[in-house]
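J.: Sequence below, structure please.
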Amino acid sequence: GDYPIAYLSLALVGPCATVPQISAAVSAPSTDTSGPHGARFLRSPSLCDNRPDRRALLLAMEVPRSPNLAAAADMPPAPLQYATVKIEPGILPTPPPFARVKTEPREDQQAPMTQKKRRTEPEPRHRQYAMQLDEAPAYYPTAAEFEKPLEYLARIRPEAEKYGICRIVPPPQWQPSCALNEATFKFGTRLQRTHQLFNRLPPPERFLLGLSEHLATEDQDLSSMPTIAGIELDLYELSRQVRLHGGLQDVILRNKWARIADDMRLPRCPKREDRLQLFYYKYLLSWDMLSPQERAKYEADAMLEYFEDTPEFGYPSGKSFTLPQFQRHADEFKAAWFRGTNVDTLTPERIEDEYWKIVEDGNRYVCVNYGSDIDSTVNGSGFPTARDDPYSRFAWNLNVLPGLPQSILKHISGISGISMPWLYIGMVFSSFCWHVEDNFLYSINYMHFGASKTWYGVPGESAPMMERAFRKVLPQEVERRPTLLHDLVTTINPMKLKEHGVPVYRLVQRAGEFVITFPRAYHAGFSHGFNCGEAVNFASADWLPFGACATKVYRRQHRPVSLDQEQLLLSTAVQETDVEILRWVYPELLALRQREIDLRRQLIRKGVFKEMQQDDLAAILPPTEDDKLCAGGAFAGLAAMTAPQAVVASSRPSASAMMMMRLRPTTKHQTCAICNRICHVSIIAVLSPAPTTDPSLPSLHVKQLLCLECAIEDMTTPVADLVLVVRVALEDVDRIVEQVYSQVCFLPPIERRIVCDQDLPLDDPPQLVPV
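T.: This next block holds a predicted model:
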């Protein structure tokens, strides 16, 4: 009773210590005193008064590993219940085609795991974070309409694209099984700190900055957070809970660690309370002994360092899981977070309220795992790919859809994450933040199994308004990081966007349903629990104007692109036979040709008179690792593979065959060193004499490659060093334009006036001197 509480807590690190043992350990005259379980207390004069030296208190203590404080053993995995998503006849209503249907909550199609009975609490009468948003449309295609997805989407597009997103509920006959192998499928995760998705420095983060600054003086490191049951421990909340429960002395004497763990919503696991107590002593004991003024000084110093060198926010790597392990982890976290509630009765609205409370308030440290961007070509697809499975050839299989006859992505090489699907394994609060698809493409997302997701969408025509609102809501963040809106790490409450005039719509996706996002439509959302989805991009012909717009926007922002717009346009013009697709190709082809002529004329006015062919440039460029791999490595035999052919109804290859056709090395792109634009038709090479006298080596050296616009704007490079590299001759472009012109102008007179309103403008291209 006469000793400071620091001594009591120190002695109790040995969890079986008694009060007499503690007193004996503290008052013993020897320098080296052994406590229970071998804990030694190295006495010093500073520990003998009522104002103990805190640094000596922690550094003087040596605690061996105690069996009672060992890491919690993993529980055996529960059986996974997701093998088949069944849509029983009669569950889905059959409204007229394309009728808009209000989204109604219904039970998830995944069978819930067996759980103990929990106390139920009434739903809140008023939603604090109510989303007063209009619902995005839901469509119920018939079995006949469902056979041709891109034709069906073209029919609903005039209405659905006004919302940015829409939901497709397949007919009852659609019942594919999930092809993921539960025994062998293992995936990595990312750690998402939900409380930081809007405000980067909420109270828990400011607390951790000050705590880290203090622990550094104690030779301790907080670079990685402690975990309990695989969940990062909220040290800010732990410190607060100890104070709320009467302070450390009362917590220890009344053994309140279990109550604190429950109040912190930590999943139950072996040795949970022991680990919680150990982490408090290791990280928070000395901090809580500081005066408020000392803690405030540590936080102020840490904040100053933070703003001087602001770290880039992102999602660090997390643990790897199998599906059963991740389901157990996700279910335990959800049950602990919604303690006292039967999680099977939680509505999407209740979870939505909790999600936005975490995001906007930021008072709780919440970290969840998210298995995102899992490459299906490496880890396997959730859709069947075996030839004997009829679903492997069905058009809504996301391995097949990008190569359908109405898709123009069939004309280029496969790109992982764009024309090859990615998998997404989520848990409650797993988020995908506001973003648009690469190159403003369409996307389609299918949920194989699990809990539902909430989606928000903004129409593509409102994208500039969305970007202005984003800059107004987060001006400082956007100033520090101009690419913030494109990094998928920031979310904003849709109601804040509505306050700035942005139209936002909402939907809830359930297992067995598709969600479509339209070109340049911003979208975001989060999961309600353990689930698995798969997504891929596609491009029908009406996307081409959006692709041209994306090229201009990306160049202005110096953003790398993953899709060569010029190559796709020329390949489609050469290989496509569908007149309806060529109607969209023709005006973009004319714009491409005229832009190339205009830029070459500007180069001549600047003084660039030399040109060379792509083969000559390739001879002086040093070989890359990819070149060596394709020349003699694993892909040497695939180098001659042609682009995948359109999938026709009479002869559809299986999904695995489609994937193999797209798995080939792509043509080597040449990008601008300044704006990252992919240059397919022509590029500027900055040349200089090679620093060698060896006649067997090239006499010229390539300093860098620039797109034509950046070369025109560049005022520092000598004009004499600039050489135009012709990758596609303008004569070839002229022949392609004439070929497409001859096909689209055989349309009926009304359509002809739309497409061919004027004569073909074939300006004479400027002539340059070959190098």
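J.: quick one: the helices in the stretch 551-700 of the chain?
T.: 565-575, 579-606, 614-620, 625-632, 655-662 (DSSP state H, counting those that start in this stretch).
J.: so who does Val478 touch?
T.: Phe470, Arg471, Leu484, Leu485 (C-beta atoms under 8 Å, 6 or more residues apart in numbering). Any C-beta I mention is one placed from the backbone N, CA and C, and that applies to glycine too.
J.: let's go with 10 Å and repeat that
T.: Glu467, Phe470, Arg471, Lys472, Leu484, Leu485, Thr490 (C-beta atoms under 10 Å, 6 or more residues apart in numbering).
J.: out of the helices of the stretch 551-700 of the chain, which comes closest to Asp344?
T.: helix 655-662 (34.1 Å; C-beta to C-beta).
J.: quick one: average pLDDT of stretch 432-444?
T.: For stretch 432-444, mean pLDDT rounds to 95.
J.: How far off centre is that stretch?
T.: Chain-centre distance of stretch 432-444: 10 Å, with C-alpha atoms, centre = their mean, to the nearest Å.
J.: mind checking the end-to-end distance for that stretch?
T.: 15 Å (C-alpha to C-alpha, to the nearest Å).
J.: buried stuff in that stretch?
T.: Of the residues in stretch 432-444, 432-444 count as buried by neighbour count, 16 or more other C-beta atoms under 10 Å.
J.: do stretch 173-188 as well
T.: Buried, per 16+ other C-beta under 10 Å, within stretch 173-188: Trp174, Pro176, Ser177, Cys178, Ala179, Leu180, Phe185, Phe187.
J.: what's the answer for stretch 586-606, then?
T.: Tyr586, Glu588, Leu589, Leu590, Leu592, Arg593, Glu596, Ile597, Leu599, Arg600, Gln602, Leu603.
J.: now swap in stretch 222-235 and tell me
T.: Per 16+ other C-beta under 10 Å, stretch 222-235 contains these buried residues: Leu222, Met225, Ile228, Ala229, Gly230, Ile231, Glu232, Leu233, Asp234, Leu235.
J.: Which members of those occur in helices, if any?
T.: Applying DSSP state H to these, the entries found in helices are Leu235.
J.: Can you pick out the most distant pair from the buried residues of stretch 222-235?
T.: Leu222 and Ala229 (19.7 Å).
J.: Dump the C-alpha coordinates for stretch 162-174 into CSV.
T.: In CSV, the C-alpha atoms belonging to stretch 162-174 read as follows (Å, rounded to 0.1, in the frame of the first residue of the first chain):
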residue,chain,number,x,y,z
LYS,A,162,-27.2,8.0,-65.9
TYR,A,163,-26.5,6.4,-62.5
GLY,A,164,-22.9,5.3,-63.1
ILE,A,165,-23.6,1.8,-61.7
CYS,A,166,-26.3,-0.8,-61.9
ARG,A,167,-27.0,-4.3,-60.6
ILE,A,168,-27.8,-7.3,-62.8
VAL,A,169,-29.7,-10.2,-61.2
PRO,A,170,-29.3,-13.4,-63.3
PRO,A,171,-32.2,-15.7,-64.0
PRO,A,172,-32.8,-18.6,-61.7
GLN,A,173,-31.1,-21.0,-64.1
TRP,A,174,-27.7,-19.3,-63.5
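J.: for it, the distance to its chain's centre please.
T.: On C-alpha atoms, centre = their mean, the centre of stretch 162-174 falls 23 Å from the chain's centre.
J.: Stretch 537-555 now?
T.: 21 Å.
J.: any idea of the mean pLDDT in it?
T.: Rounded mean pLDDT across stretch 537-555 is 93.
J.: Name the residues of it that come out as buried.
T.: 537-544, 546-551, 553-555.
J.: any idea which of the buried residues of stretch 222-235 is the one closest to Trp422?
T.: Closest to Trp422, out of all of the buried residues of stretch 222-235 and judged by C-beta to C-beta, is Gly230, at 23.7 Å.
J.: on that earlier part again, just so I know, which of the helices of the stretch 551-700 of the chain lies nearest Gln509?
T.: Going by C-beta to C-beta, the one of the helices of the stretch 551-700 of the chain nearest Gln509 is helix 655-662, 22.3 Å.
J.: Quick one: mean pLDDT over that closest one.
T.: Helix 655-662 comes out at a mean pLDDT of 36.
J.: Repeat that for stretch 379-399.
T.: Mean predicted lDDT for stretch 379-399 stands at 91.
J.: same question, stretch 684-702
T.: 73.
J.: Endpoint to endpoint, it covers what distance?
T.: OK, stretch 684-702 end separation, C-alpha to C-alpha: 10 Å.
J.: now the strands for the stretch 201-350 of the chain?
T.: Using DSSP state E, counting those that start in this stretch, the strands of the stretch 201-350 of the chain run over residues 227-228, 231-232, 317-322.
J.: would you list these in JSON lines and tack on distance to Gln739?
T.: Output for the strands of the stretch 201-350 of the chain, formatted as JSON lines (distance: least, C-beta to C-beta, whole Å):
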{"stretch": "strand 227-228", "distance to Gln739": "62"}
{"stretch": "strand 231-232", "distance to Gln739": "60"}
{"stretch": "strand 317-322", "distance to Gln739": "50"}
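J.: mind checking which of the ones you listed is nearest Lys297?
T.: Once the strands of the stretch 201-350 of the chain are compared by C-beta to C-beta, strand 231-232 is nearest, at 26.3 Å.
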